[in-house]
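[1] Let me see the structure of the following:
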Amino acid sequence: MFFPEKMVEINILTTDEFLKDISDYLIKFGEFEVKRVGIKEAQKLLRLSNKDDDEVEKFSNIKMRLDRLAVNMKVDDIKIRNTLSEREPLSLDEIDLRLTKAENEFYSAYAMLSNLEREEVDLRIKKLQYSIRKDLESRNIPKEFFTALLIIAKHEAPTILRNISSLPTIIEEVESFKSLSVILVSLPYTHKNEILKLSTSFLKIININEIITEDVNLAEIEKRLREIEVEQKKLRGLLDRIVETNTEEILTLYKGLWFSNTSMKLKSSSIRGGRFIVFSGWIPKKREEEVCEKIREITNDICVVETKDAENTLKEDKNTQIPTKLNNPKFLKSFESIVKLYSIPRFYEIDPTVIFTILYVIFYGMMFGDVGQGLALSLISALLFWKFKSFRVIGGLGIAVGLSSAVFGFLYGSVFGIEGKIIPSMWTSPLHDVLEIMKVSIVTGFIVISIGLILSVINTAREKNIPRLILGNKGIAGVLFYFSLVGYPIYILLSGTTFNPNLMLFGILVPILMFVTEAIIEAKKHGHSVSPVSIFFELFEVFISFVSNTVSFIRIAGFALNHTALMITFFSIAEVVKGGVIGDILALLIVVFGQIFIIVFEGLVVGIQALRLSFYEFFTKFFRGGGKAFEPLK
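    Numbers count the residues shown, from 1 in each chain. As a prediction, the model looks like this:
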């Protein structure tokens, strides 16, 4: 929990007859990250044949067809996304066969319905021609005018009509059905070519001569339209049944597709020579024995399985990236996500998630201590957490900090901004004891930065960088320097004992000499010249950062005071307007608005400040990050 899981590199050499069974097992196993096998691992082996390229092309084709069918069948996108976390061992050939069957069933009915819809549109247009024929004859349209019916899509109608209206045209919408609009236009023949240029935007254009001369049997049209309506109703019912029965099949095919995709990824990272195949990847060390036994079982012991610890892999190749698999309980996932925003720890580094969680929650509670507002924040966050999956991280975070605010609210005696009247203060009141809360803030800063420096010592020891461990400004020398520069004065201030300047001076000068020694060693190691100016500014930066980072924790006291002062402001405004029915209602509204404003706006600001204290003042003391996240096949 305090360190990432130990990882081991596993290399598997076997014959290609076991390729499918091994890849299927590793996919189901899940905690296997593919590592591309390089020439160093198998100098005389060749990469897999071009058959892999054919598989990729086939996969892409099936994926495109499956996506198109899912869109046409209106399969829920959320259900499709959920299949990403599930996989079923289906081959591409089987997916192709089952997809073809579903396509044939759906598209045959879909095509019949589309044909009927096109026939219906044509018949309705003919019916419309019949109904407007006499009207057109009675208008005595001059021969020098070009008149036509335009059939256009409704969503394109505004654009098309704007273009036509710029011409000397008479425009009239004579019919509208489904997604179509029927427009009657009439304009001088001199402008005929201009409207014909727009014909690519029309679904159909019918000349007036066709309308007047075409023989239309209205009775037959009406009869056929009724028949079409019945047939469409049957086909829509059939399509609904096809969609209902095939939706699960579509989702299953997606699961098989993700399985095939992962299998292809595994194969493409492997190499082959003759009948032999090599797999390579990373697995958690705790499951090393389980995986090795299973591989031997699958291959009937016709294999060579080699495992190497991360440290040994690095000795062979310093450029190897060891994946980091964090090992935190589920209830810390919200805080783990925030840690990852800063960076991912390297495989040997301390995972700061647990410590960050504790400190962040304490920082927030100290700055936003209120029983009522804290519980309200927790309740709102809980609703977000349970109702909306996309708000799980924020919701989990809000529940924790809200409860912390409520705890500090009891310590401060504050309920919805009212201090000491509803419940007594169990510790102190920020408003009435400013000096106390400021002292606590500074001491908190000293403790937090000290923890950060101690964690840095542990990380450096695990990295086995001895000069930095002993002489570095974030090693043992840095701890001694910080305790002498900041810790000792704080101790004198709180305890009231006599100040010993010699002790403080010794505690500062010795670490400075150690810093200089480390700088000289590093310069010689990299072949650089030692610059006194550079060393001076590095020492000055260390001095300033230690002091300023500690003083920065005063913001805890500042925001604790600000929280109480804001609520007092709203209560004061409410008291001014209070009086009479309208005044009392207005005062109540002001108080309610004040509570909402503080929970939302100040709650957000305090969250950002707590994050700043964690990231800038704490993480920078020990957390270098730059790790690579473990990306298992699952």
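
[2] For Gly413, grab phi and psi.
    phi 70, psi 30 (degrees, to the nearest 10).

[3] make that Val448, sorry
    Per degrees, to the nearest 10, the backbone of Val448 is at phi -60, psi -50.

[4] The residue nearest to it when sequence neighbours are not counted and Ile451, how far apart?
    Among residues not flanking Val448 along the chain, Phe618 sits closest, at 5.4 Å (C-beta to C-beta, 6 or more residues apart in numbering). Backbone N, C-alpha and C define where each C-beta goes, glycine included. For Phe618, the distance to Ile451 equals 8 Å [C-beta to C-beta, to the nearest Å].

[5] who's more crowded, these two?
    Phe618 (24 against 15; other C-beta atoms under 10 Å).

[6] Roughly how far does the more buried one sit from Ile344?
    Distance, Phe618 to Ile344, using C-beta to C-beta: 17 Å.

[7] again, but for Met504
    Taking C-beta to C-beta, one finds Met504 at 39 Å from Ile344.

[8] can you check Asp317 too?
    Applying C-beta to C-beta to Asp317 and Ile344 gives a distance of 20 Å.

[9] who has more neighbours, these two?
    Taking neighbours as other C-beta under 10 Å, Asp317 and Ile344 compare with Ile344 leading, 20 against 11.

[10] Now do the residue lying closest to Lys6 once chain neighbours are set aside against Glu311, distance only.
    Distances taken as C-beta to C-beta, 6+ apart put Lys285 closest to Lys6, at 4.0 Å, once the chain neighbours are dropped. According to C-beta to C-beta, Lys285 stands 11 Å off from Glu311.

[11] Have a look at this protein and report its longest helix.
    For the chain, the longest helix by residue count, based on DSSP state H, is helix 218-268.

[12] Does that one pack against any helices or strands, and if so which?
    Secondary-structure packing of helix 218-268 (3 or more C-beta pairs under 8 Å, 6 or more residues apart in numbering; DSSP states H and E): helix 19-29, helix 51-72, helix 77-82, helix 92-138.

[13] before we move on, the earlier item: my guess is the residue nearest to Lys6 contacts Glu5, does it?
    Yes. In this structure, Lys285 is within contact of Glu5 by C-beta atoms under 8 Å, at 7.1 Å.

[14] if we can go back for a sec, centre of the chain to the longest helix of the chain, how far?
    32 Å (C-alpha atoms, centre = their mean, to the nearest Å).

[15] for it, what is the average pLDDT?
    In this model, helix 218-268 has an average pLDDT of 85.

[16] and if you look at stretch 520-535?
    Mean per-residue pLDDT for stretch 520-535: 80.

[17] what does stretch 336-355 give?
    92.

[18] Could you give me the buried positions within it?
    Neighbour-count burial for stretch 336-355 flags 336, 338-340, 342-355 (criterion: 16 or more other C-beta atoms under 10 Å).

[19] and the end-to-end length of it?
    11 Å (C-alpha to C-alpha, to the nearest Å).

[20] my guess is Lys127 meets Ile221, correct?
    Yes. Lys127 is in contact with Ile221 according to C-beta under 8 Å; the separation is 5.2 Å.

[21] And the lowest mean pLDDT element among the helices and strands of this protein?
    Least confident helix or strand of the chain, by mean pLDDT, DSSP states H and E, is strand 46-47 with a mean of 42.

[22] pLDDT below threshold where in this protein?
    Scanning the chain with the threshold set as pLDDT under 70 gives 38-53, 130-131, 133-144, 208-216, 267-268, 270-274, 634.

[23] Where do the strands of it begin and end?
    With DSSP state E, the ranges of strands along the chain come out as 7-15, 33-34, 46-47, 145-153, 170-177, 180-188, 204-207, 271-273, 276-284, 303-309, 323-324, 414-415, 418-419, 628-629.

[24] just so I know, which of the ones you listed lies nearest Thr252?
    The closest of the strands of the chain to Thr252 is strand 33-34. By C-beta to C-beta, the value is 24.8 Å.

[25] Would you give the sheet partners of that closest one, along with the direction of each?
    Neighbouring strands of strand 33-34 in its sheet, by DSSP bridges, are strand 276-284 (antiparallel).

[26] tell me which residues in the strand it pairs with are buried?
    With burial defined by 16+ other C-beta under 10 Å, the residues of strand 276-284 counted as buried are Ile277, Val278, Phe279, Ser280, Gly281, Trp282, Ile283, Pro284.

[27] same thing with stretch 158-178?
    Buried residues in stretch 158-178 (16+ other C-beta under 10 Å): Ile160, Leu161, Ile164, Thr169, Glu175.

[28] I'd assumed Ser186 was in contact with the fourth one.
    Yes. Distance between Thr169 and Ser186: 6.9 Å, which falls inside the contact criterion (C-beta under 8 Å).

[29] returning to what we had before: what residues are up against the residue nearest to Lys6?
    Glu5, Lys6, Met7, Val8, Asp309 (C-beta atoms under 8 Å, 6 or more residues apart in numbering).

[30] try it again with 7 Å
    For Lys285, the contacting residues are Lys6, Met7, Val8, by C-beta atoms under 7 Å, 6 or more residues apart in numbering.

[31] And Leu196, by the same measure?
    No residues are in contact with Leu196 under the rule C-beta under 7 Å, 6+ apart.

[32] Roughly how far does it sit from Asp240?
    Look at Leu196 and Asp240: by C-beta to C-beta, they are 42 Å apart.

[33] contacting residues for the nearest residue to Leu561 once chain neighbours are set aside?
    The shortest distance from Leu561 to any non-neighbouring residue, by C-beta to C-beta, 6+ apart, is to Pro430 (5.2 Å). Counting by C-beta under 7 Å, 6+ apart, Pro430 touches Tyr412, Ile437, Ala557, Ala560, Leu561, Thr564.
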